[in-house]
Structure formats: structure tokens, C-alpha cells
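*Asks:* The following comprises the amino acid sequence and a computationally predicted model.
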Amino acid sequence: MEYNFTEIEKKWQNFWANNKTFAAKDGGDKPKYYVLDMFPYPSGAGLHVGHPLGYIASDIMARYKRHKGFNVLHPMGYDSFGLPAEQYAIQTGQHPKITTEQNITRYRQQMDKIGFSFDWDREVRTSDPEYYKWTQWIFIQIFNSWYNKTADKAEHISTLIKAFESNGNANVDAVCDEDVKPFSANDWKAYSEKEQSDILMKYRLAYLGEAYVNWCPALGTVLANDEVKDGVSERGGHPVERKLMKQWSMRITAYAQRLLDGLDTLDWTESLKESQRYWIGRSEGTSLKFKIDVTSSSLKNEGVSRSEVEVFTTRPDTIFGVSFVTLAPEHDLVSVLTTPEHKQNVEEYVTISKNRSERERQADVNKITGVFTGSYVEHPFTGKQIPIWVGDYVLAGYGTGAVMAVPAHDERDYKFAKHFGLDLPQVIEPTKEHDFNKEAWGEKEGTLINSDFLNGLDVKTAIKKAISEIEQQNIGKGKTNYRLRDAVFGRQRYWGEPIPIYYKNGVPYALDESELPLVLPEVDKYLPTEDGEPPLARAASSWKKEGIFDYEHSTMPGWAGSSWYFLRYMDSHNKKEFLNKKLADYWQQVDLYIGGSEHATGHLLYVRFWTKFLKDLGYINIDEPAKKLINQGMIQGNSSFVYQIITKTSSIDIYHNVYLSADVVNDYLANKLPFGDLKAKILKARDEKSEAFPNSPNPSFFILEEITEETIWFSKRRISIEFVDNEILDYNSWSKSLSSLDNQAELYRFIKNDKSQVRLVSETEKMSKSKWNVVSPDDICEKFGADTLRLYEMFLGPLEQSKPWNTNGITGVSGFLKKLWRLFYQASTSLSLTEDEPTKAELKTLHKTIKKITEDIERFSFNTSVSNFMICVNELTDLKCNKRAILEPLLILISPYAPHITEELWEQLGHTESIAFAEFPMYNETYLVDDAFNYPISFNGKTRLQIEFPATHTIQQIEQEVMAREDVQKYLEGKTPKKVIIVPKKIVNIVV
């Protein structure tokens, strides 16, 4: 009976779907295990073979845990709001909902073909109003909350209002805007509704305020920091500028310390946790005020309203080493402090700098830019004039947006000062020899010098002394600062969750829960309005609360729906509440979360923030979303390129339709092929008839006659992998495919190698449609089967590492499955299993494999599992094993990796229930103990023969039996050994 994977896989996929085999039960006696994948955005391109890598790994764990007796929750859904569908709507007019649903249908078909054990009854889609009703509900809870620093948690806004009514804000210790002014209870009661709303907005965890955002004019929306790369949008590569806008934001900064502390409780990779620690960026130091010197410049006539520049520093010990102050380009004092003679330079610099993202500015440490404002501040202790500069290495969102520059003791300040010729006063004597002409001494070690009252102190003592003096003189205050900024929440686009806010007399109000969901309105276009309002404003005339009050026209960001989806899977059909408390308490945290590392400082921060918030308000009892998280590596594509001849002239490069096999080019470049011979090949190819277009005329290519060693050059042209087989180009099919796009395709000519082939150049790159290197899992499943795909993806290498895809390597895994099948059908159309007792060798092979596979899965070493399966099947094949007692548990071992073939064989063995819930076999150590050992017998280090002895033999017994053997005496030739060296279970060496 042949192994027909096509019929087998279709049969079992239908069985699992029809019988809801993998539907999780809410409760019961079994221990729970929640394994989750980061759900995908359903793009139009569908899945390529890189996408299922993490899904296969999580599915192996889900199936393994079912075998181990766990109640497994393994759901899947779609992060279905996204810019691509909206951009397509803008281009075509097709509603994003239609595009998204079509893409989801395609994704579901692809995932079903791979045989995942998802509980599809719990599917969620973030763009479904039944889902985003509860996203809106969570927003309202956040909007109606403030952060009580005394209690160190969020509370309902009503408790804050009660405090205001009783005592004003004098005793309120809250995370709030810095410009909040003190007021009494009587003041509060006297304020108008609008005034009270404005004050509360400064305390709310979801608030409307001005913020610098990444504005992308081409996309017509604000982008998150992680959606901007090198100053352009990640999607489409459009220019992005920094812009001050009225924007909805979330006060994630209130949770900065808790987000930091929580990392210590998580079994996440250290690199991911370090990314979050850096992004949160806790630092301890002090604020410090520098008085603006208005007498030293034309500013004395400009009426400067603020008298000081406030900085934040973690190194107050270096205060006497300050030689300039640097403002962020966005700092509100830049325009005020810039003198007329410097105005043009400063304005030009600010415009350029503000259009670079904060990430880009932080990362680009070697690009030194800045401009002098013409103004000065006074040193707070010496009174000395200090110039004020603007530099984009200072960020408006960190600290105060201004830094005191100490170039001798900070590397970035050092480079800035060196570049612009500024002073580098040294105030710390290093603990070892150091050259200040080469770099700054930035270590927190050494003795203070040139520093007045700090002289002679070590750095740590000086920091404390400096803060004390600063506070005593009332020119600053010790404080803890964080790099983390509040999360911009509003997006000026259509395809997203409507923010459930309406406006009455200019005051924003949250909708009542009974009014949810606030559903996206229909619009005539998906573009912003002509006056720059978001697309939802196009429906403003009819889309109003009670037909009167305007709704908020911004929508939520892409991360909103993904910040709580793991909770909705626990209770996905509940229409009364976002999550039943009993189910929340049962499923609790995700036990295993698998997804890409690119979400480290985006989704994974936001989901932790929302989880902590929901716990604060008592809706859930967990503080972190996932106990363990694994970032799967990337499966990279093999991109293919063909060499093309270029003629380089003094004015232009001329590309010719002559393509060369890579080995021909390599021979020429290695001087193995003389130029004259290469030119002869070129001219010969020119004069040959096209194989793809035999009736086409011969090209003239007249300029090729004049080609020389000096003018010939080679370019690489990208080739779609559909025309590539083992790095060989199907040049006729490739030429024909381009005939409708390139009217020169009939003129393509090819210089082949000695085997009449055109060999290509391969490069490993990210798998992407734009690179023409995408391999579809559908094609692999059709040609080799889903089980082969699953095993091969795991076999490629460790889960966390990136690895290149090579379809040529898949045949080995395919052959393994056929070999497994033949263990059950040995040259027969029916099962050839026996009920005989297994031999010791068979038991050893099985239990050795059980032990290794168990250990492999528990440490997520799935690639070594596949290797161990192959070894096991090879050994059992050599042993001609056909014993049920061996092969039946082997099926369970392989089942998590290759579920279709194992289900089929399990049924063939007579079982009526799915193999999915069969008990995972336990290994028995007694079968792993060797009864005997085959010793190599060496004479003066040269192995001459092998002798098997019982494993229990002593050294003396081994020596006696060795020396008594005739074959040993033959090699001794009558000589008496000087000594006999015996290493137990290793070797016997006779020294003659």
C-alpha cells in the first residue's frame, strides 16, 4: 500500500474540522495549557513558507501537551485592521472590509492545508464590530481612569473627582501633565464644565493633548515609532515628518516602573527584555535650571517670558564641566532664544531635524549636526556664560528636551564639541591612563577636579553631594526619568476602530456601554478631506450622536486590538462582557507565546500595559500576558540573479539583452577565460536564433562589436524563482513570461556554460514578493505534503535562529516519511504488524528515542527531534521491526510533528479515537542500559580486532579473557605484553 499523502491529509483535515477535535473545554479536571501565536495581518499576498514557522512550533507544543494530559487552548484569529487594505481602498474604491475578508479566506485555506490544531470556534477578527465593541469598551475604561501614585495603580476617575471636591488637588499624588496648577475644592466647584474637563484631561490615562507625532502626508496618517524606518514609512517608503498635533494618547508612562519590574518575572529571552529595558530607559538624576542670559545678546529687547532653561542630567557631579547647553530641535524655547542673525540657519536646521524620527536620530551616532542659537545661559554656580546650541541628538520627549553638555565626560557631547570647536573642560581624574584628545572619559569612576565644592570626592559621592547642593539652592530637584513616552493613540485614517468619543460644546465625552459598538460609517472616499480632516469626517453630516454631536474622527492604532486579543480567546462569543471572570481565572496567562522579535518594543509593551491596567481595575487577576515567550527566527529566501552585460561609457551605462551563465563570468573574472574568448561567445550568442522565439529576427547589437575589456561590465538582474531549478535558469520560459511586459524579450540572448545551462547567482535575503523569492506553502504541500513541510521547517535549524530556505533539501524529509510508512507496510498491501514481544535492541531504540524527543520538545529543540526520528526509523528498518509494541508508541512520538500520517496509521492499527489524545509514552531507563560493549582491541595503538564483553565485566575479567584468546596471541607473536590498558566501555590497548 503506497503512502498517498494527498488523500490522507485531506481526509484528516476534514475529520478534525467536522469533529471539532481541537476545541478546548472551559474547565475540567485536566491542567490547562494556553499556547498562542501572534496572530497575522491577512495580507493579499497570502502566506509564504516563512510565515508558518512559529505556527508549526506552537502546534507541536499544543499537540504534545494534549498527549501529556493537558486541556489545551490553541486559538487563532486575525489582526485585520491595517494600512494595506486601506491603501488598496484608496486606489480602487473597494471597501477595506471586502479586501480583508477575501484575504482572510485565503489565509484560512492555507493554514488548513498545513494541519494546525487550532480551535477555530474561538477565532477573532479585530475588524469585526463584535470584537472591537470591547476594544472600544476598554478604551472607555482607560479614558475614565487616572493613576494614583500613592496606591501605585489605576483608579476610576470618580475617585479623583471626589478628592478634588473635598480638598482640591493639594494632596493628590498622580501621574499627570507637568503644567497642572494647584487649586482648592472651592476653585474646583467654581470651574465651568469645560474647565473641569480640561483639568481632568491632564490626569486621564487616555487623554487628548498636543504631541509630536510621525506624520506621513502620503498615507494621510500618524505612524507609531515602530512603523517608521530611516525617516520613511515602513509601509510604502513614504517620507515622514515630525509634527505637533492635537492627538489622543495613552499615559503608558504611568506604568514605566511596573513594566520594568515585571520583566524580572518573565521567561522571555534576555535580548527581548533588554530591548524593553532600553526602550523604557529608566535613569536617576536631577533637574537643573540654567538662567537665560538676556543681557548678552539682542534677546534683551525681545521680552523673553521664561527666565531659565531646565535640563535633566544623570551626572550632576560633572556640573563644572559644562561648556554648552543643547536643545532639541522641537524645544519650545528654540524660536525664542534664536537671535536674528542666526534665525535662518536655525530654522533650516529645525525643519530638517524634525523630519527625522527619534529612532533614526538615536541610532545615527556618527552623524554630527547642530547650530548655534546666538544666546547664552549662566552657569548656576560660576555665573559663566554658556552658549546655547540646537542638536538633533537631543530628543524633545526625553527629560526636558535640553541637556547640559559635558564633552570631556560624555562621548556624544565630546564628538559634538570636537566637531564645532567647543571647550572640553576636564572635571574628573580617571582611575587609569586616558587620552582626552582621543575620546571622553565617560566612566562613573575617578576623582573630581576643577569642581569647587566637589573637588577630591569620588564620582558616586560627588553625585549625591551635587544633588544635595542643587536642591538646597532651589535650582533643581533629584528625580527618576524614563525614556518611554506616552503612546500616541489616534490615527487619521479610515480602517480602524472608531474612538468612542463625542463632543458637546467642545467637551469630549465617552459613549455609554449600551451605545457600543460605534461602527465605522460609510464614506465616499477613504482619503482625508480637502481641508485635512481624517476620512471619517466625510461622514460628519450624518454620522453624529443623536444626530447632533460630532463623534471623534480619528481611529485607533493597529496595536489597540492586539493589546487584549489573548483575553478574548478565552471567551470569544460573550456578548455581555469582554471576558467572564471565571474563565479569566481558569485560563489566566498564556503559557507559551510565539512570535517575531520585531514586536519587542511595540505590541509586547502595549499588551503588557493593558494587562496591568485591566488588573488594576479588577477585571483580571494576572499582571503579565505571557509566562514564556519565544521569538522564532526568520526563514530567508534564496534570491536568484542572472548576469547581464553592460557597456560603460563616459556618459551613460548601456544595458544589453545578453545574459551570461555565472560560471562564464566567474571564469572571466578569475582570468581563466581570456577577453577575446568571452567576446567571441558574446558575438556568437548574438547571431544565434532565439530558442523561445524561433521566428524573431536576429538582433543587431551593433555596439557589441566595439566592446573592450575597459568598457565591459556585468550587472545582476533579479529572476523570479519560478524559473529556477537548482540555480539553473529556465531561460526560454523566463523570456516568454516577459514578452508581454518587455518588447525586447524576443531579443534576449544567453551565453551558456559547457553544459548548455545558464547558471545563476544566489543570495540569501528576506523572503518577500518584491524580491521574487517567495515560496508558497501551497506548492510544497501539493508536491510533498503538509507533514513534509512541517518536519522540514523544523529540521532547518533552531527555532530562534534565521535560516535560508532550500527546496532542494526537502526530499530527505519526504523520504523519511515514506520510510516510516514502510515500517507498517513492508512489501504488502495490508499492515504487516505482529504482536510479538520486542527484542532488547528494538526496545533500546524506542526508549532512547522517547527520552530524546521528550527532552527536545521540553527545551523547544524541534530540529534535533526530526534528526532523532530519522535515526530511530533507520535503526528499526535495519532491525526489520514490525512489532506493534514498538511502532504504536513511535506514532504518538511523531504525531505532534507529522499529524496526518500518524492519524492514518493509528486508525489502520484499529483505533477509533484520534491519536491527538493518546498518552505520550514514557521512557524506561532499564532499556537504555547496555548489556554488552564491543571493545576495540589495539596493539601499540593500532586497532586489530573487536571483542564483545558483558557490560558487567570487571577490568580483571576483561584482561583475562582477552589474553586467553587465540587471535590475540597471534598478534602478540609469542611476546609478553609490557602492560594492558583497559578503559571501561572505551578500549583495550595492549602495549608490546
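*Replies:* Cool, got the structure.

*Asks:* Okay, now the unreliable bits of this protein?
*Replies:* The chain contains residues with pLDDT under 70 at 224-226, 296-306, 357, 359, 363-365, 698-703, 828.

*Asks:* Nearest residue to the middle of it?
*Replies:* Closest residue to the average C-alpha location of the chain: Glu598 at 2.0 Å, with CA atoms, centre = their mean.

*Asks:* and the gap between that residue and Gln110?
*Replies:* 21 Å (CB to CB, to the nearest Å). The way it works is simple: take the backbone N, C-alpha and C, and place the C-beta from them, glycine included.

*Asks:* ok, the residue nearest to the centre of the chain to Leu47 distance?
*Replies:* Glu598 is 17 Å from Leu47, where distance means CB to CB.

*Asks:* can you check Arg717 too?
*Replies:* In terms of CB to CB, Arg717 sits 27 Å off from Leu47.

*Asks:* of those two, who's got more company?
*Replies:* Leu47 (22 against 12; other CB atoms under 10 Å).

*Asks:* Quick check: that one is in a helix.
*Replies:* No - assessed by DSSP: H, G, I helix; E, B strand; the rest coil, Leu47 does not belong to a helix; its assignment is coil.

*Asks:* Phi and psi next, for the closest residue to it other than its chain neighbours.
*Replies:* Distances taken as CB to CB, 6 or more residues apart in numbering place Gln110 nearest to Leu47, at 4.7 Å, with adjacent residues excluded. The phi/psi pair for Gln110 (degrees, to the nearest 10) reads phi -70, psi -40.

*Asks:* try Arg125
*Replies:* phi -130, psi 120.

*Asks:* Hmm, it is touching Tyr131, no?
*Replies:* Yes - between Arg125 and Tyr131 there is a contact at 6.0 Å, judged by CB atoms under 8 Å.

*Asks:* The two: which has the busier surroundings?
*Replies:* When neighbours are counted by other CB under 10 Å, Arg125 and Tyr131 differ, and Tyr131 comes out ahead with 24 against 21.

*Asks:* quick one: that one is in a strand?
*Replies:* No - Tyr131: not assigned to a strand; according to three-state DSSP it is helix.

*Asks:* Pull the contacting residues for the closest residue to it other than its chain neighbours.
*Replies:* In this structure, Tyr131 finds its nearest non-sequential neighbour in Val124, 5.3 Å apart by CB to CB, 6+ apart. Contact partners of Val124, counting by CB atoms under 8 Å, 6 or more residues apart in numbering, are 39, 75, 77-78, 131, 565, 568-569, 572.

*Asks:* at 10 Å what do you get?
*Replies:* 39, 75-80, 130-131, 134, 561, 565-566, 568-569, 572-573 (CB atoms under 10 Å, 6 or more residues apart in numbering).

*Asks:* from those residues, which ones fall inside helices?
*Replies:* 130-131, 134, 561, 565-566, 568 (DSSP state H).

*Asks:* The residue nearest to Leu47 contacts Glu782, correct?
*Replies:* No - Gln110 is not in contact with Glu782 according to CB atoms under 10 Å; the separation is 11.7 Å.

*Asks:* can you give me the helices for the stretch 151-300 of the chain?
*Replies:* In order along the chain, the stretch 151-300 of the chain carries the following helices (DSSP state H, counting those that start in this stretch): 157-167, 185-190, 193-201, 256-263, 270-280.

*Asks:* Select, out of the ones you listed, the one closest to Leu520.
*Replies:* helix 193-201 (25.4 Å; CB to CB).

*Asks:* for the closest one, packing partners?
*Replies:* Judged by 3 or more CB pairs under 10 Å, 6 or more residues apart in numbering; DSSP states H and E, the packing partners of helix 193-201 are helix 157-167, helix 185-190, strand 206-216, strand 507-510.

*Asks:* For the shortest one, buried residues please.
*Replies:* With burial defined by 16 or more other CB atoms under 10 Å, the residues of strand 507-510 counted as buried are 508, 510.

*Asks:* next structured bit after that strand?
*Replies:* strand 544-545 (DSSP states H and E).

*Asks:* wait, Ala745 sits on Asn657?
*Replies:* Yes - assessed by CB under 10 Å, Ala745 is found in contact with Asn657 at 8.2 Å.

*Asks:* Helix or strand: which one has the nearest residue to Trp559 once chain neighbours are set aside?
*Replies:* Nearest residue to Trp559, sequence neighbours excluded (CB to CB, 6+ apart): Tyr606, at 4.8 Å. Here Tyr606, judged by DSSP H and E, is contained in helix 603-616.
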